[in-house]
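J.: what shape does this take:
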Amino acid sequence: MRKHTQNVLLDVCLFVGFIGLIATGIILYFVLPPGSRQDTFAVLTRHQWGDIHFWIAAAFTAFIALHLTLHASWLKSSYFR
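T.: Numbers count the residues shown, from 1 in each chain. Predicted coordinates:
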């Protein structure tokens, strides 16, 4: 895979993950606030939304680590100017 294509694909994954984190965070904070008991949103409870939020965050963190690894040479050259 070309480096440009790889970077674009990674950037799209990061964007989708970021939007997913924002969306699930809004659901957890505003739609199903703490103490909402057994309320659901889109058939999922607050704890299930929390699990989704956690796994999106884990994938997002892995993509950030991959992004930094792929751009390590640029980071090194910029740091040691």
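J.: my guess is residue 59 contacts residue 14, does it?
T.: No. If you go by CB atoms under 8 Å, residue 59 and residue 14 don't touch, sitting 9.8 Å apart. All C-beta spots, glycine's among them, are computed from the backbone N, C-alpha and C.
J.: now the strands for this protein?
T.: Read by DSSP state E, the chain holds these strands, from start to end of the chain: 40-41, 44-45.
J.: model confidence over the last one, on average?
T.: In other words, strand 44-45. Average pLDDT, strand 44-45: 91.
J.: all further residue positions should be reported with the first residue as 13.
T.: Will do, 13 is the new start, and the previous item becomes strand 56-57.
J.: can you give me how far stretch 51-59 is from the chain middle?
T.: Relative to the chain's own centre, stretch 51-59 is displaced by 20 Å; criterion: CA atoms, centre = their mean, to the nearest Å.
J.: that should have said stretch 52-69, apologies.
T.: Its chain's C-alpha centre lies 14 Å from the corresponding centre of stretch 52-69 when counted by CA atoms, centre = their mean.
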